[in-house]
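> attaching a predicted model along with its sequence, questions to come.
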Amino acid sequence: MADLNNNNEINEIQKFVNLWSETYKPLAWTSIVYFVFWYPPWTLFCLAWVTFTALISLASLIIPPLGYCFCIGSVISWRSLARIELLTVSYCINPKNFIKDSITEIERNGGLFYPITKISPTRTAFPGYIQFGAEFVSHQHTRNCFFYFTFYKTFTLLLFVVLFPKVW
């Protein structure tokens, strides 16, 4: 019986040591900093920005030249926010070698990423102002950016707010 208690104590000590060994990993701390300090304000900013610019863009379409410029500017800003999101998440995955690996990877595979000011990686030619505006605003990547920032990130922020206090 004493041998069984000894094994249980050894298992409990091993579990405790394994748990604390995670605190020495920089990836864990980077992720905690990201989710506690960066994610909530960034998500609120993105939600407010994308919603506000979408409403302003739609309302400004009453004045066609001004509305066109607002729509194009809004889409460029959403794509820029998506690019920043990719960079911050890739930093969480690889904080030690972020500059060496991630930035180099983005530059090397630049054609795979959606350009901010072009319709898509394959459609880089300028088709004319009206056609460009219509295709740029209604492109799948633009819709994905809009839905990501208005629905997905908002939903995950709500989950974070509900679940985070229960963890602590």
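That came through, no problem. Numbering: from 1, shown residues only.
> hmm, who's touching the helix or strand harbouring residue 153?
Remark: residue 153 resides in helix 153-167, with elements defined by DSSP states H and E. Under the criterion C-beta atoms under 8 Å, 6 or more residues apart in numbering, residues 35, 36, 39, 40, 43, 44, 46, 47 lie in contact with helix 153-167. No exception for glycine: its C-beta is placed from N, CA and C like everyone else's.
> next, count neighbours for the residue nearest to the first one when sequence neighbours are not counted.
Computed as C-beta to C-beta, 6 or more residues apart in numbering, the closest residue to residue 35 that is not its neighbour in sequence is residue 160, at 7.0 Å. Residue 160 has 15 neighbouring residues, counting by other C-beta atoms under 10 Å.
> likewise residue 52?
By other C-beta under 10 Å, 11 other residues sit near residue 52.
> gap between it and residue 59?
In this structure, residue 52 and residue 59 are separated by 11 Å, where distance is defined by C-beta to C-beta, to the nearest Å.
> again, but for residue 36
Counting by C-beta to C-beta, the separation of residue 36 from residue 59 is 36 Å.
> how far away is the nearest residue to residue 44 once chain neighbours are set aside from residue 48?
Computed as C-beta to C-beta, 6+ apart, the closest residue to residue 44 that is not its neighbour in sequence is residue 157, at 7.3 Å. When distance is defined by C-beta to C-beta, residue 157 is 12 Å away from residue 48.
> those two - which one has more neighbours?
Relative neighbour count places residue 157 above the other of residue 157 and residue 48, with 17 against 11, counting by other C-beta under 10 Å.
> so which elements touch the longest helix anywhere in the chain?
Across the chain, the longest stretch assigned as helix under DSSP state H is helix 64-93. Packed against helix 64-93, as judged by 3 or more C-beta pairs under 8 Å, 6 or more residues apart in numbering; DSSP states H and E, are the following elements: helix 26-33, helix 39-60, helix 129-138, helix 140-147.
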